[in-house]
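Student: build the 3D model from these lines:
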Amino acid sequence: MSDENQYISRRNVLRATGVATAGALAGCGGGGNGNGNGGNGNGNGGNGNGMGNASGEVSILHAWGSGDGANALQALKDGFENEDVNITDSVVQGAARSNLVSSIQTRMSSGNPPSTWQAWPGKNLLRFTADQYGDLEGDVWDSDLKDNYLEGPKQQAQVDGKYVAVPLNIHRINNLFYNTSVVEEAGVDPSSFSTPSDVLDAMETVASETDATPHAHANAAWTAGQLWETVLLAQAGQSGYNDYINGEGSRSAVESALEAVDTMIDYTFDDASSIGFPEASTRMQNGEAAFMHQGDWAAGGFGEDFVYGEDWDHVPFPGSEGHYALNMDSFPFPAEAPNPEATKVFLKYCGGTEAQIAFNREKGSIPPRSDADVSQLNEFQQDQYDNFTNSDAQPPSIQHGLAVVPPVLSNFGDAFSDFISNRDVGSTTDALMNAFN
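Tutor: Down below sits the predicted model:
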(Lines give C-alpha, C1' and ligand atoms only; values in the text may rest on other atoms or scores of the structure.)
Protein backbone atom coordinates (compact mmCIF):
# COMPACT_ATOMS: atom_id res chain seq x y z
CA MET A 1 0.00 0.00 0.00
CA SER A 2 2.16 2.79 -1.31
CA ASP A 3 0.02 5.60 0.07
CA GLU A 4 0.75 4.50 3.64
CA ASN A 5 4.37 5.39 3.67
CA GLN A 6 5.31 9.04 3.81
CA TYR A 7 5.22 12.29 5.68
CA ILE A 8 5.70 15.74 4.16
CA SER A 9 9.22 16.62 5.15
CA ARG A 10 10.49 20.16 5.38
CA ARG A 11 13.01 18.99 2.80
CA ASN A 12 10.47 18.21 0.09
CA VAL A 13 7.42 20.32 0.86
CA LEU A 14 8.49 23.22 -1.35
CA ARG A 15 9.08 20.92 -4.28
CA ALA A 16 5.75 19.13 -3.76
CA THR A 17 3.89 22.42 -3.36
CA GLY A 18 5.36 23.70 -6.57
CA VAL A 19 4.21 20.65 -8.50
CA ALA A 20 0.73 20.76 -7.03
CA THR A 21 0.33 24.49 -7.58
CA ALA A 22 1.41 24.18 -11.19
CA GLY A 23 -1.16 21.42 -11.63
CA ALA A 24 -3.86 23.56 -10.06
CA LEU A 25 -3.08 26.48 -12.34
CA ALA A 26 -3.14 24.21 -15.37
CA GLY A 27 -6.70 23.07 -14.60
CA CYS A 28 -6.57 22.08 -11.76
CA GLY A 29 -28.16 -1.47 -0.02
CA GLY A 30 -31.41 -1.21 0.33
CA GLY A 31 -33.22 1.15 2.66
CA GLY A 32 -34.88 1.04 5.97
CA ASN A 33 -32.42 0.31 8.75
CA GLY A 34 -30.46 3.53 9.05
CA ASN A 35 -27.26 2.21 7.46
CA GLY A 36 -28.51 1.33 4.00
CA ASN A 37 -28.95 3.09 0.73
CA GLY A 38 -32.41 4.55 0.95
CA GLY A 39 -34.96 4.99 3.59
CA ASN A 40 -35.13 7.01 6.69
CA GLY A 41 -32.53 9.74 6.56
CA ASN A 42 -29.42 7.72 7.42
CA GLY A 43 -28.99 6.24 3.97
CA ASN A 44 -28.41 7.68 0.53
CA GLY A 45 -31.87 8.86 -0.32
CA GLY A 46 -32.59 10.52 2.97
CA ASN A 47 -35.89 12.08 3.96
CA GLY A 48 -34.66 13.58 7.20
CA ASN A 49 -31.80 15.51 8.75
CA GLY A 50 -32.44 18.42 6.40
CA MET A 51 -30.83 16.55 3.48
CA GLY A 52 -33.90 15.14 1.73
CA ASN A 53 -33.78 17.56 -1.23
CA ALA A 54 -30.03 17.33 -1.72
CA SER A 55 -28.88 17.02 -5.32
CA GLY A 56 -25.97 17.77 -7.60
CA GLU A 57 -22.34 16.73 -7.86
CA VAL A 58 -20.07 15.56 -5.05
CA SER A 59 -16.41 15.77 -6.05
CA ILE A 60 -13.72 13.67 -4.34
CA LEU A 61 -10.00 14.40 -4.63
CA HIS A 62 -7.73 11.48 -3.72
CA ALA A 63 -4.46 9.65 -4.35
CA TRP A 64 -5.92 6.18 -4.91
CA GLY A 65 -4.73 5.85 -8.48
CA SER A 66 -4.47 2.06 -8.54
CA GLY A 67 -4.51 -1.10 -6.45
CA ASP A 68 -6.59 -1.69 -3.36
CA GLY A 69 -7.36 1.99 -2.81
CA ALA A 70 -8.77 2.47 -6.30
CA ASN A 71 -10.80 -0.73 -5.97
CA ALA A 72 -12.12 0.32 -2.56
CA LEU A 73 -13.23 3.74 -3.80
CA GLN A 74 -14.97 2.16 -6.79
CA ALA A 75 -16.80 -0.27 -4.49
CA LEU A 76 -17.86 2.68 -2.33
CA LYS A 77 -19.21 4.54 -5.37
CA ASP A 78 -20.93 1.45 -6.74
CA GLY A 79 -22.85 1.03 -3.49
CA PHE A 80 -24.08 4.62 -3.41
CA GLU A 81 -27.55 4.60 -4.92
CA ASN A 82 -28.92 8.10 -5.12
CA GLU A 83 -30.13 9.30 -8.49
CA ASP A 84 -30.07 12.94 -7.36
CA VAL A 85 -26.43 12.98 -6.24
CA ASN A 86 -23.62 12.32 -8.71
CA ILE A 87 -20.22 11.24 -7.37
CA THR A 88 -17.14 12.26 -9.35
CA ASP A 89 -13.51 11.73 -8.39
CA SER A 90 -10.10 12.96 -9.48
CA VAL A 91 -6.70 11.44 -8.74
CA VAL A 92 -3.68 13.49 -7.66
CA GLN A 93 -0.71 11.17 -8.00
CA GLY A 94 2.94 11.31 -7.06
CA ALA A 95 5.17 12.14 -4.11
CA ALA A 96 3.47 9.59 -1.84
CA ARG A 97 0.41 11.79 -1.18
CA SER A 98 2.43 15.00 -0.83
CA ASN A 99 1.02 16.29 -4.10
CA LEU A 100 -2.52 15.57 -2.91
CA VAL A 101 -1.97 17.43 0.35
CA SER A 102 -0.42 20.38 -1.47
CA SER A 103 -3.29 20.50 -3.95
CA ILE A 104 -5.83 20.54 -1.11
CA GLN A 105 -3.91 23.32 0.64
CA THR A 106 -3.93 25.39 -2.54
CA ARG A 107 -7.63 24.88 -3.15
CA MET A 108 -8.65 25.47 0.46
CA SER A 109 -6.65 28.71 0.63
CA SER A 110 -8.27 29.93 -2.59
CA GLY A 111 -11.78 29.11 -1.39
CA ASN A 112 -12.25 26.42 -4.02
CA PRO A 113 -12.20 23.09 -2.16
CA PRO A 114 -13.54 19.84 -3.53
CA SER A 115 -16.62 18.44 -1.80
CA THR A 116 -14.31 16.14 0.15
CA TRP A 117 -10.94 14.46 -0.14
CA GLN A 118 -8.89 11.50 1.05
CA ALA A 119 -7.26 12.46 4.33
CA TRP A 120 -5.58 10.84 7.25
CA PRO A 121 -7.49 12.48 10.12
CA GLY A 122 -6.43 13.46 13.62
CA LYS A 123 -3.80 16.19 13.80
CA ASN A 124 -3.41 16.01 10.02
CA LEU A 125 -6.67 17.96 9.90
CA LEU A 126 -4.94 20.88 11.64
CA ARG A 127 -3.42 21.96 8.36
CA PHE A 128 -6.55 24.10 8.38
CA THR A 129 -8.42 26.00 11.08
CA ALA A 130 -11.65 24.78 12.63
CA ASP A 131 -13.70 27.43 10.80
CA GLN A 132 -12.44 26.12 7.45
CA TYR A 133 -14.36 22.92 8.13
CA GLY A 134 -18.10 22.49 8.11
CA ASP A 135 -19.91 21.00 11.10
CA LEU A 136 -21.19 17.44 10.62
CA GLU A 137 -22.85 17.27 14.04
CA GLY A 138 -26.42 16.02 13.77
CA ASP A 139 -26.79 15.62 10.02
CA VAL A 140 -23.98 13.06 9.74
CA TRP A 141 -22.56 12.54 13.22
CA ASP A 142 -25.84 11.63 14.87
CA SER A 143 -26.44 9.20 17.75
CA ASP A 144 -26.00 6.23 15.41
CA LEU A 145 -22.42 7.14 14.50
CA LYS A 146 -21.50 8.30 17.98
CA ASP A 147 -22.84 5.12 19.57
CA ASN A 148 -21.07 2.82 17.11
CA TYR A 149 -17.62 4.41 16.73
CA LEU A 150 -15.03 3.70 19.42
CA GLU A 151 -13.52 6.65 21.27
CA GLY A 152 -10.21 6.64 19.38
CA PRO A 153 -11.71 7.06 15.89
CA LYS A 154 -14.26 9.59 17.18
CA GLN A 155 -11.50 11.78 18.57
CA GLN A 156 -9.61 11.65 15.27
CA ALA A 157 -12.68 12.95 13.38
CA GLN A 158 -12.85 16.21 15.37
CA VAL A 159 -11.19 19.61 15.29
CA ASP A 160 -11.68 21.71 18.40
CA GLY A 161 -14.52 19.46 19.51
CA LYS A 162 -16.36 19.75 16.18
CA TYR A 163 -16.99 16.69 14.01
CA VAL A 164 -15.50 17.57 10.61
CA ALA A 165 -14.69 14.21 8.97
CA VAL A 166 -15.97 10.67 8.57
CA PRO A 167 -13.40 7.86 9.02
CA LEU A 168 -13.84 5.09 6.46
CA ASN A 169 -11.48 2.44 7.76
CA ILE A 170 -8.94 1.39 10.36
CA HIS A 171 -5.41 0.20 9.70
CA ARG A 172 -3.45 -1.23 12.61
CA ILE A 173 0.19 -0.17 12.98
CA ASN A 174 1.38 -2.43 15.83
CA ASN A 175 1.53 -5.82 14.10
CA LEU A 176 4.32 -8.40 14.13
CA PHE A 177 3.97 -10.76 11.17
CA TYR A 178 5.95 -13.96 10.89
CA ASN A 179 6.66 -16.90 8.61
CA THR A 180 5.52 -19.97 10.56
CA SER A 181 8.03 -22.37 9.00
CA VAL A 182 10.99 -20.17 9.83
CA VAL A 183 10.01 -19.56 13.45
CA GLU A 184 9.27 -23.26 13.93
CA GLU A 185 12.69 -24.14 12.55
CA ALA A 186 14.23 -21.68 14.97
CA GLY A 187 12.20 -23.10 17.85
CA VAL A 188 10.65 -19.78 18.91
CA ASP A 189 6.99 -19.18 19.78
CA PRO A 190 5.77 -15.64 19.00
CA SER A 191 2.62 -16.17 21.06
CA SER A 192 4.84 -16.34 24.16
CA PHE A 193 6.47 -12.93 23.56
CA SER A 194 5.51 -10.17 25.98
CA THR A 195 8.13 -7.44 25.43
CA PRO A 196 10.27 -6.00 22.62
CA SER A 197 13.23 -7.72 24.32
CA ASP A 198 11.57 -11.04 23.57
CA VAL A 199 11.46 -10.07 19.91
CA LEU A 200 15.16 -9.23 19.94
CA ASP A 201 15.98 -12.54 21.64
CA ALA A 202 13.95 -14.40 19.01
CA MET A 203 15.75 -12.56 16.21
CA GLU A 204 19.07 -13.64 17.66
CA THR A 205 17.83 -17.24 17.83
CA VAL A 206 16.70 -17.12 14.19
CA ALA A 207 20.13 -15.78 13.22
CA SER A 208 21.94 -18.58 15.04
CA GLU A 209 19.61 -21.49 14.28
CA THR A 210 18.52 -20.90 10.67
CA ASP A 211 19.77 -19.49 7.38
CA ALA A 212 16.95 -16.94 7.32
CA THR A 213 17.26 -13.22 7.96
CA PRO A 214 15.59 -12.46 11.29
CA HIS A 215 13.86 -9.21 10.33
CA ALA A 216 12.21 -8.38 6.99
CA HIS A 217 12.66 -4.63 7.11
CA ALA A 218 13.03 -2.04 4.37
CA ASN A 219 15.19 0.65 5.96
CA ALA A 220 13.47 3.91 5.14
CA ALA A 221 12.62 6.90 7.30
CA TRP A 222 8.92 6.02 7.47
CA THR A 223 9.47 2.35 8.32
CA ALA A 224 11.98 3.25 11.03
CA GLY A 225 9.65 5.91 12.45
CA GLN A 226 6.71 3.54 12.41
CA LEU A 227 8.74 0.83 14.14
CA TRP A 228 9.98 3.31 16.75
CA GLU A 229 6.49 4.53 17.67
CA THR A 230 5.39 0.90 18.07
CA VAL A 231 8.33 0.03 20.31
CA LEU A 232 7.73 3.21 22.34
CA LEU A 233 4.11 2.16 22.91
CA ALA A 234 5.23 -1.36 23.86
CA GLN A 235 7.92 -0.20 26.29
CA ALA A 236 6.48 2.98 27.78
CA GLY A 237 2.80 2.04 27.66
CA GLN A 238 -0.08 4.33 26.81
CA SER A 239 0.94 6.93 29.39
CA GLY A 240 4.51 7.16 28.09
CA TYR A 241 3.26 7.30 24.50
CA ASN A 242 0.81 10.06 25.41
CA ASP A 243 3.57 11.97 27.17
CA TYR A 244 5.63 11.96 23.98
CA ILE A 245 2.85 13.04 21.61
CA ASN A 246 1.98 15.82 24.04
CA GLY A 247 5.56 17.12 23.93
CA GLU A 248 6.40 15.86 27.41
CA GLY A 249 8.19 12.63 26.56
CA SER A 250 10.80 10.98 28.74
CA ARG A 251 14.25 11.10 27.19
CA SER A 252 15.09 7.70 28.62
CA ALA A 253 11.94 6.19 27.07
CA VAL A 254 12.66 7.78 23.70
CA GLU A 255 16.26 6.58 23.74
CA SER A 256 15.40 3.05 24.93
CA ALA A 257 12.92 2.57 22.09
CA LEU A 258 15.46 3.92 19.59
CA GLU A 259 18.14 1.54 20.86
CA ALA A 260 15.78 -1.39 20.31
CA VAL A 261 14.99 -0.20 16.78
CA ASP A 262 18.69 0.22 16.05
CA THR A 263 19.31 -3.39 17.08
CA MET A 264 16.34 -4.67 15.07
CA ILE A 265 17.72 -2.96 11.98
CA ASP A 266 20.99 -4.85 12.54
CA TYR A 267 19.02 -8.07 12.02
CA THR A 268 17.71 -7.18 8.59
CA PHE A 269 18.96 -7.56 5.01
CA ASP A 270 22.26 -6.15 3.86
CA ASP A 271 20.45 -4.27 1.12
CA ALA A 272 17.59 -3.07 3.36
CA SER A 273 18.22 0.57 2.45
CA SER A 274 17.72 -0.06 -1.25
CA ILE A 275 14.48 -2.10 -1.19
CA GLY A 276 10.87 -1.18 -0.46
CA PHE A 277 8.63 -2.91 2.03
CA PRO A 278 6.86 -4.97 -0.71
CA GLU A 279 10.21 -6.62 -1.51
CA ALA A 280 10.90 -7.19 2.19
CA SER A 281 7.46 -8.76 2.47
CA THR A 282 8.10 -11.02 -0.53
CA ARG A 283 11.30 -12.29 1.06
CA MET A 284 9.42 -13.16 4.26
CA GLN A 285 6.83 -15.01 2.20
CA ASN A 286 9.60 -16.93 0.45
CA GLY A 287 11.06 -18.07 3.76
CA GLU A 288 14.08 -15.79 3.52
CA ALA A 289 13.08 -13.92 6.69
CA ALA A 290 11.26 -14.67 9.92
CA PHE A 291 9.57 -11.50 11.23
CA MET A 292 8.18 -8.30 9.80
CA HIS A 293 6.76 -5.30 11.61
CA GLN A 294 4.35 -3.41 9.37
CA GLY A 295 0.86 -1.97 9.16
CA ASP A 296 -1.84 -4.47 8.35
CA TRP A 297 -1.97 -3.26 4.74
CA ALA A 298 1.04 -5.54 4.26
CA ALA A 299 -1.23 -8.58 4.50
CA GLY A 300 -3.06 -7.40 1.40
CA GLY A 301 0.12 -8.01 -0.57
CA PHE A 302 0.58 -11.59 0.55
CA GLY A 303 0.08 -14.10 -2.24
CA GLU A 304 -2.93 -16.41 -2.28
CA ASP A 305 -0.66 -19.43 -1.79
CA PHE A 306 0.77 -17.87 1.40
CA VAL A 307 -2.03 -18.98 3.69
CA TYR A 308 -3.04 -17.19 6.88
CA GLY A 309 -2.82 -19.43 9.93
CA GLU A 310 -0.70 -21.97 8.07
CA ASP A 311 2.16 -20.25 6.26
CA TRP A 312 1.99 -16.94 8.12
CA ASP A 313 0.53 -15.51 11.26
CA HIS A 314 0.83 -12.45 13.45
CA VAL A 315 0.64 -11.16 17.01
CA PRO A 316 0.14 -7.65 18.33
CA PHE A 317 3.63 -6.24 18.69
CA PRO A 318 4.77 -7.67 22.06
CA GLY A 319 4.16 -5.24 24.88
CA SER A 320 1.41 -3.39 23.02
CA GLU A 321 -1.34 -5.96 23.46
CA GLY A 322 -4.71 -4.38 24.12
CA HIS A 323 -3.79 -1.35 22.01
CA TYR A 324 -4.91 -0.90 18.43
CA ALA A 325 -2.55 1.75 17.06
CA LEU A 326 -4.44 3.66 14.39
CA ASN A 327 -4.01 4.93 10.92
CA MET A 328 -7.19 5.75 9.03
CA ASP A 329 -8.57 7.15 5.82
CA SER A 330 -11.34 9.71 6.15
CA PHE A 331 -13.40 12.18 4.16
CA PRO A 332 -13.40 15.73 5.65
CA PHE A 333 -16.16 18.29 5.10
CA PRO A 334 -14.93 21.78 4.12
CA ALA A 335 -16.99 24.79 5.16
CA GLU A 336 -17.04 26.05 1.56
CA ALA A 337 -17.94 22.68 0.04
CA PRO A 338 -19.86 22.93 -3.21
CA ASN A 339 -23.29 21.31 -2.82
CA PRO A 340 -22.89 20.89 0.94
CA GLU A 341 -26.20 19.09 1.48
CA ALA A 342 -25.39 16.53 -1.24
CA THR A 343 -21.96 16.09 0.32
CA LYS A 344 -23.56 15.38 3.69
CA VAL A 345 -25.76 12.70 2.09
CA PHE A 346 -22.66 11.00 0.70
CA LEU A 347 -20.74 11.31 3.98
CA LYS A 348 -23.73 9.91 5.86
CA TYR A 349 -23.60 6.90 3.56
CA CYS A 350 -19.84 6.54 4.16
CA GLY A 351 -20.52 6.30 7.89
CA GLY A 352 -22.88 3.35 7.44
CA THR A 353 -22.07 -0.32 7.76
CA GLU A 354 -22.80 -1.30 4.15
CA ALA A 355 -20.47 1.35 2.75
CA GLN A 356 -17.71 0.44 5.17
CA ILE A 357 -17.92 -3.27 4.41
CA ALA A 358 -17.78 -2.57 0.67
CA PHE A 359 -14.80 -0.24 1.06
CA ASN A 360 -12.80 -2.35 3.51
CA ARG A 361 -13.37 -5.62 1.69
CA GLU A 362 -11.26 -4.17 -1.12
CA LYS A 363 -8.89 -2.07 1.01
CA GLY A 364 -7.77 -4.87 3.34
CA SER A 365 -8.60 -2.77 6.40
CA ILE A 366 -11.53 -2.92 8.83
CA PRO A 367 -14.58 -0.73 9.48
CA PRO A 368 -14.35 1.86 12.26
CA ARG A 369 -17.93 1.05 13.26
CA SER A 370 -18.23 -1.44 16.10
CA ASP A 371 -21.52 -2.93 14.84
CA ALA A 372 -20.47 -4.04 11.35
CA ASP A 373 -21.15 -7.56 10.07
CA VAL A 374 -17.64 -8.53 8.99
CA SER A 375 -18.53 -12.00 7.74
CA GLN A 376 -17.85 -10.75 4.18
CA LEU A 377 -14.26 -9.88 5.10
CA ASN A 378 -11.42 -12.39 5.12
CA GLU A 379 -10.32 -14.31 8.20
CA PHE A 380 -7.41 -12.01 8.97
CA GLN A 381 -9.63 -8.94 8.75
CA GLN A 382 -12.19 -10.61 11.00
CA ASP A 383 -9.52 -11.33 13.59
CA GLN A 384 -8.26 -7.75 13.39
CA TYR A 385 -11.81 -6.45 13.80
CA ASP A 386 -12.28 -8.60 16.90
CA ASN A 387 -9.04 -7.19 18.32
CA PHE A 388 -10.13 -3.67 17.48
CA THR A 389 -13.60 -3.85 18.99
CA ASN A 390 -12.16 -5.41 22.16
CA SER A 391 -9.16 -3.11 22.46
CA ASP A 392 -8.51 -1.07 25.58
CA ALA A 393 -7.29 1.97 23.65
CA GLN A 394 -6.74 3.14 20.09
CA PRO A 395 -3.66 5.38 20.12
CA PRO A 396 -3.16 7.47 16.97
CA SER A 397 -0.07 7.00 14.83
CA ILE A 398 2.74 9.53 15.03
CA GLN A 399 4.35 8.50 11.74
CA HIS A 400 1.11 8.94 9.81
CA GLY A 401 0.34 12.31 11.35
CA LEU A 402 -2.70 11.50 13.46
CA ALA A 403 -0.97 12.15 16.77
CA VAL A 404 1.13 15.27 16.10
CA VAL A 405 0.63 18.53 14.22
CA PRO A 406 2.23 18.88 10.75
CA PRO A 407 5.32 20.90 11.82
CA VAL A 408 6.15 18.30 14.48
CA LEU A 409 5.56 15.52 11.96
CA SER A 410 8.01 17.17 9.60
CA ASN A 411 10.65 17.33 12.35
CA PHE A 412 9.93 13.72 13.27
CA GLY A 413 10.44 12.63 9.67
CA ASP A 414 13.66 14.60 9.37
CA ALA A 415 14.97 12.90 12.53
CA PHE A 416 14.46 9.45 11.04
CA SER A 417 15.81 10.47 7.65
CA ASP A 418 19.05 11.27 9.45
CA PHE A 419 18.86 8.18 11.62
CA ILE A 420 18.74 5.67 8.77
CA SER A 421 21.88 7.31 7.38
CA ASN A 422 23.96 7.81 10.50
CA ARG A 423 22.43 5.32 12.98
CA ASP A 424 23.34 7.78 15.74
CA VAL A 425 21.02 6.99 18.66
CA GLY A 426 22.14 9.97 20.72
CA SER A 427 21.68 12.67 18.07
CA THR A 428 18.39 11.13 16.92
CA THR A 429 17.14 11.11 20.51
CA ASP A 430 17.99 14.81 20.69
CA ALA A 431 16.09 15.43 17.44
CA LEU A 432 13.02 13.52 18.63
CA MET A 433 12.99 15.36 21.94
CA ASN A 434 13.34 18.69 20.09
CA ALA A 435 10.70 17.87 17.46
CA PHE A 436 8.08 19.87 19.37
CA ASN A 437 10.17 23.04 19.57
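
Student: any idea how far F388 is from the residue nearest to G152 when sequence neighbours are not counted?
Tutor: Excluding the flanking residues, the one nearest G152 by C-beta to C-beta, 6 or more residues apart in numbering is Q394, at 2.6 Å. The C-beta positions use only the backbone N, C-alpha and C, and glycine is treated the same way. Distance, Q394 to F388, by C-beta to C-beta, to the nearest Å: 8 Å.

Student: hey, what's in contact with both of those two?
Tutor: L150, I170, Y324 (C-beta atoms under 8 Å, 6 or more residues apart in numbering).

Student: which members of those residues are positioned in helices?
Tutor: Counted as lying in helices by DSSP state H, out of the shared contacts of Q394 and F388, is not a single one.

Student: now these in a markdown table, with neighbour count, pLDDT and distance to S194?
Tutor: Formatted as a markdown table, the shared contacts of Q394 and F388 follow (neighbours: other C-beta atoms under 10 Å; pLDDT from 0 to 100; distance: C-beta to C-beta, whole Å):
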| residue | neighbour count | pLDDT | distance to S194 |
| --- | --- | --- | --- |
| L150 | 18 | 92 | 25 |
| I170 | 25 | 96 | 24 |
| Y324 | 25 | 97 | 18 |
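
Student: just the closest of the residues you listed to Q74, please.
Tutor: I170 (20.2 Å; C-beta to C-beta).

Student: distance of the closest one from P153?
Tutor: I170 is 7 Å from P153, by C-beta to C-beta.

Student: now for those two: what residues contact both?
Tutor: If you check I170 and P153 against C-beta under 8 Å, 6+ apart, the residues they both contact are L326, M328, P368, Q394.

Student: these two touch, right, the second one and V166?
Tutor: No: applying C-beta atoms under 8 Å, one finds M328 not in contact with V166, separated by 10.2 Å.

Student: of the two, which one has the most company?
Tutor: More crowded of M328 and V166, by other C-beta atoms under 10 Å: V166, with 30 against 26.

Student: which strand or helix spans that one?
Tutor: strand 165-167 (DSSP states H and E).

Student: for the helix or strand just after that strand, give the mean pLDDT please.
Tutor: Downstream of strand 165-167, the first helix or strand assigned by DSSP H and E is strand 171-172. Strand 171-172 shows a mean pLDDT of 98.

Student: for whichever helix or strand comes after strand 171-172, which outside residues touch it?
Tutor: Helices and strands here follow DSSP H and E; after strand 171-172, the next one along the chain is strand 175-179. Outside strand 175-179, the residues within contact range by C-beta under 8 Å, 6+ apart are 190, 193, 199, 212, 284-285, 287, 289-296, 298-299, 311-318.

Student: of those, grab the buried ones for ChimeraX.
Tutor: If you want just the buried ones from the contacts of strand 175-179 in ChimeraX, going by 16 or more other C-beta atoms under 10 Å, the selection is:
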select :190,193,199,212,284,285,287,289,290,291,292,293,294,295,296,298,299,312,313,314,315,316,317,318
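
Student: just the ones in helices from the contacts of strand 175-179, please.
Tutor: Under the assignment DSSP H, these contribute V199, M284, Q285 to helices.

Student: buried sites along the lengthiest helix in the chain?
Tutor: Looking across the chain with DSSP H, the single longest helix is helix 221-245. Using 16+ other C-beta under 10 Å as the test for burial, helix 221-245 gives 221-237, 240-245.

Student: dump the residue contacts of D392.
Tutor: So, once contact is read as C-beta under 8 Å, 6+ apart, D392 ends up touching G322, H323.

Student: so how far is Q238 from it?
Tutor: 8 Å.

Student: what sits in contact with each of the two?
Tutor: Residues touching both D392 and Q238 (C-beta under 8 Å, 6+ apart) are H323.

Student: quick one: end-to-end distance for stretch 85-97.
Tutor: Using C-alpha to C-alpha, to the nearest Å, the end-to-end distance of stretch 85-97 comes out at 27 Å.

Student: mean confidence (pLDDT) on it, please.
Tutor: Per-residue scores along stretch 85-97 average to 86.

Student: quick one, domains of this structure?
Tutor: Residue ranges for the domains of the chain, per automatic domain parsing: 2-171+331-389, 175-325+398-433.
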